[in-house]
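Asks: Sharing a sequence plus its predicted fold:
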Amino acid sequence: SSSHAPSCARAMLSNAQTCSSSFSPARALHRPRTRAPNTRRVGAAAPRPRAAPEHIVDAIAAVDAWSVTNAALPSNGIALPPGIETKLFQVGLAPYLVYLWFLNAARATPKTSNFGARFLLLFVAATIPAGIIAKTQYGDILANVDVLHGGSESLLTISNALFAYGFGSAVGTSSATGVDDARMGVEDDDVTTTPALTVLGVLFLACASSTLAIGAGVDGGILGDVGASEPSNALSLPTWAVHVSSVTEWALAMKYVAQHGERTGNASWKNLTLAMSPFLASGLTACTFHAFYNEPSINALVPLQALLTLLGNCGCALAAYTIASGEKTAAGDGSVALKGERAIDDGFSFALKLALWTTLASCVVKYGELYEPAADFFAQPSYSKALGIIVLPSVIWSYYALNSGENAPKLSMADVKSFGVAGTVSYVIIELAFWALALPIAIGWYKVAEGTWLDLSNTADKAKLLGAGAVFINVVRLFVPLRLAAALALAPYVSRVLADTNDDET
């Protein structure tokens, strides 16, 4: 049907599909009329007939609001089917609806969190018209049109904030209608929760006022002319705040969900924490794409984000099923008592702390990458750099979220030593294997980040090594619990081997 559309509709489709970087947003602005609307010059051609409504609808429907791969990728890009990310996002809707069904069926689901999960559908719906407007009116992808981008993404922030706050502030005993929580500011045993709307209001006002004030100050020259080096499609500070807040809220929600499992006595909730990890990686993928200024040479990050979202939807659907099923098989009167301390006692304080973190982290991301050595790092986008930014934080935080509760196992060297010689041998084996992997990875990452191999004869490289070494040591310390757990898992097998060896000798 689009082949019969008038030329204006076909031009609209052309803009939507080529995403020309030379298109000026000013062209989309309405210009004032210079003469009466119903008059025309003598001898001028008769006006074209207006497009039929059905042709306009067909033209708009043909616009792929979510895709970035409909144009040919640069030679260093990864060849992907055009619009593959849109197909992945669409396929992921069905498992997400299944997830919502079982999440609602679980009696221990906080009402605010349940509402937040459903609110995400509004964000998904909002990105469709926003993407269409970006392509038809601005001739660019949604990520490059800051007002539309930040406005639609703010709905995701609301969804994640509600989801996290519900689990973190849940109080009382659940019933068939869900756990009492902050949705209505309920009270339980003299424990009062701050209403969720108040938390959202404080978070919004604090973030908006701080980021707008800082942005105005930077525009006024408080950082000199550093802002002049930013590409025109760089995210504004408020839009960065929306992204940082969304990712932070989701990361906190993973931790709160795991702790909720301990409070309810249903270990299946940790399945949901694990299933949420692809969503965390998906959010970091989007932020990484933006940090590289939406560079077309790494457009494949968007299909990767869509794939991670699909995996998260499927995983969360399965996890929610195990939670609801576990409640059905549990004995009792149908209620689920919440034990232990809740993660969020004061919603007002929670909102202010989150706003402070969001503002500071957004400033570091937006303005920090304009200075060396970050400027050089982000000026040369590559998939190896991007994957490092995405994978490492996702793995580390997922492990932390799963093992941060009161009942999480506390590992120490004493546990390893309890196996005697077998424990010591196991620990040595694990350490050798860990460092055999970690050191080459660190050296290779230095090559990726700096573009050259480490040269200890170079004074500048020695200075960089000191800074990078401090970061490296702090990162590997995060893996100490994992290394201890691996040594404990290996110890029984080593003990068996040593015992067999002793038997052979005797």
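Replies: Thanks, I have the structure now.
Asks: How about residue 110, nearest residue that isn't a chain neighbour?
Replies: Excluding its sequence neighbours, the residue lying closest to residue 110 (C-beta to C-beta, 6 or more residues apart in numbering) is residue 166, at 3.6 Å. Backbone N, C-alpha and C define where each C-beta goes, glycine included.
Asks: What helices and strands are in contact with the helix or strand harbouring that neighbour?
Replies: For residue 166, the host element (DSSP states H and E) is helix 146-169. Judged by 3 or more C-beta pairs under 8 Å, 6 or more residues apart in numbering; DSSP states H and E, helix 146-169 is in contact with helix 111-137, helix 196-219, helix 237-264, helix 347-368.
Asks: returning to what we had before: pretty sure the residue nearest to residue 110 is touching residue 119, no?
Replies: No: the pair residue 166 / residue 119 is not scored as a contact, 11.2 Å apart, by C-beta atoms under 8 Å.
Asks: These two: which has the busier surroundings?
Replies: Neighbour count, other C-beta atoms under 10 Å: between residue 166 and residue 119, residue 166 has more, with 30 against 17.
Asks: Quick one, grab the pLDDT at the residue nearest to residue 110.
Replies: Note on residue 166: pLDDT of 94.
Asks: Could I get the full set of strands for the stretch 301-450 of the chain?
Replies: 336-337 (DSSP state E, counting those that start in this stretch).
Asks: Helices of that one, start to end?
Replies: Secondary structure of the stretch 301-450 of the chain by DSSP state H, counting those that start in this stretch: the helices cover 301-329, 347-368, 374-379, 383-402, 413-417, 421-450.
Asks: Quick one: the ones you listed as a markdown table, columns for mean pLDDT, mean neighbour count and distance to residue 457 too.
Replies: Output for those, formatted as a markdown table (pLDDT from 0 to 100; neighbours: other C-beta atoms under 10 Å; distance: least, C-beta to C-beta, whole Å):
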| stretch | mean pLDDT | mean neighbour count | distance to residue 457 |
| --- | --- | --- | --- |
| helix 301-329 | 90 | 21 | 37 |
| helix 347-368 | 93 | 18 | 30 |
| helix 374-379 | 88 | 15 | 21 |
| helix 383-402 | 88 | 17 | 26 |
| helix 413-417 | 81 | 14 | 38 |
| helix 421-450 | 78 | 15 | 15 |
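Asks: Of all the ones you listed, which one is nearest residue 217?
Replies: helix 347-368 (10.6 Å; C-beta to C-beta).
Asks: other SSEs contacting the closest one?
Replies: Helix 347-368 packs on helix 146-169, helix 196-219, helix 237-264, going by 3+ C-beta pairs under 8 Å, 6+ apart.
Asks: any chance of those in TSV, with distance to residue 270 too?
Replies: Formatted as TSV, those follow (distance: least, C-beta to C-beta, whole Å):
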stretch	distance to residue 270
helix 146-169	13
helix 196-219	24
helix 237-264	5
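Asks: who wins for proximity to residue 115 among the ones you listed?
Replies: Closest among those, using C-beta to C-beta: helix 146-169, at 6.0 Å.
Asks: For the closest one, list every residue counted as buried.
Replies: Buried residues in helix 146-169, counted by 16 or more other C-beta atoms under 10 Å: 146, 148-150, 152-169.
Asks: Same question for stretch 87-100.
Replies: Residues 87, 88, 89, 92, 95, 96, 98, 99, 100 are the ones in stretch 87-100 that count as buried (16+ other C-beta under 10 Å).
Asks: Could you check how far the last one is from residue 443?
Replies: Taking C-beta to C-beta, to the nearest Å as the measure, residue 100 falls 46 Å from residue 443.
Asks: Then the third one?
Replies: With the distance defined as C-beta to C-beta, residue 89 ends up 38 Å from residue 443.
Asks: now the closest residue to residue 143 other than its chain neighbours, what's its secondary structure?
Replies: Leaving aside its chain neighbours, residue 143 sits nearest to residue 294 (4.8 Å; criterion: C-beta to C-beta, 6+ apart). At residue 294, secondary structure determined by DSSP: H, G, I helix; E, B strand; the rest coil is coil.
Asks: any idea how far residue 294 lies from residue 363?
Replies: Shown here: residue 294 relative to residue 363, a distance of 20 Å by C-beta to C-beta.
Asks: The residue nearest the centre of the chain - nearest residue in space that isn't next to it in sequence?
Replies: By C-alpha atoms, centre = their mean, the chain has its centre lying nearest to residue 283, at 1.7 Å. Sequence neighbours aside, residue 247 is the residue nearest to residue 283 in space, at 4.4 Å (criterion: C-beta to C-beta, 6+ apart).
Asks: hang on, isn't the one you found packed against residue 282?
Replies: No: contact criterion C-beta under 8 Å: residue 247 and residue 282 do not qualify, at 9.6 Å.
Asks: element containing residue 282, please.
Replies: For residue 282, the host element (DSSP H and E) is helix 277-291.
Asks: secondary structure element for residue 100?
Replies: Going by DSSP H and E, residue 100 is in helix 93-105.
Asks: quick one: that helix to helix 146-169, angle?
Replies: 30 degrees (axes from the mean of the first three to the mean of the last three C-alpha atoms, to 10 degrees).
Asks: Going forward, the N-terminal residue is numbered 616.
Replies: With the count now opening at 616, the last piece we talked about shows up as helix 708-720.
Asks: Now do helix 708-720: which elements does it pack against?
Replies: Contacts defined by 3+ C-beta pairs under 8 Å, 6+ apart place helix 708-720 against helix 726-752, helix 916-944.
Asks: how does it look with 10 Å?
Replies: helix 726-752, helix 884-890, helix 916-944 (3 or more C-beta pairs under 10 Å, 6 or more residues apart in numbering; DSSP states H and E).
Asks: For residue 1094, find the nearest of the ones you listed.
Replies: The closest approach between residue 1094 and any of the helices and strands packed on helix 708-720, judged by C-beta to C-beta, belongs to helix 884-890 at 18.1 Å.
Asks: What lies in contact with the closest one?
Replies: When contacts are defined by C-beta atoms under 10 Å, 6 or more residues apart in numbering, helix 884-890 is touched by residues 714, 718, 721, 723-724, 782, 868-878, 926-938, 941, 1013, 1016-1020, 1023.
Asks: that older thread, can you say which of the helices and strands packed on helix 761-784 is nearest to residue 1039?
Replies: Closest to residue 1039 of the helices and strands packed on helix 761-784, according to C-beta to C-beta: helix 852-879, at 32.0 Å.
Asks: how about that closest one: buried residues?
Replies: 852-879.
Asks: what's the angle between the helix holding residue 715 and helix 916-944?
Replies: 30 degrees.
Asks: Give me the residues contacting helix 708-720.
Replies: Residues contacting helix 708-720 (C-beta under 10 Å, 6+ apart): 724, 728-729, 732-733, 735-736, 739, 778, 793, 887, 890, 924-940, 942-943.
Asks: Residue 817 against residue 780, yeah?
Replies: No: applying C-beta atoms under 10 Å, one finds residue 817 not in contact with residue 780, separated by 11.4 Å.
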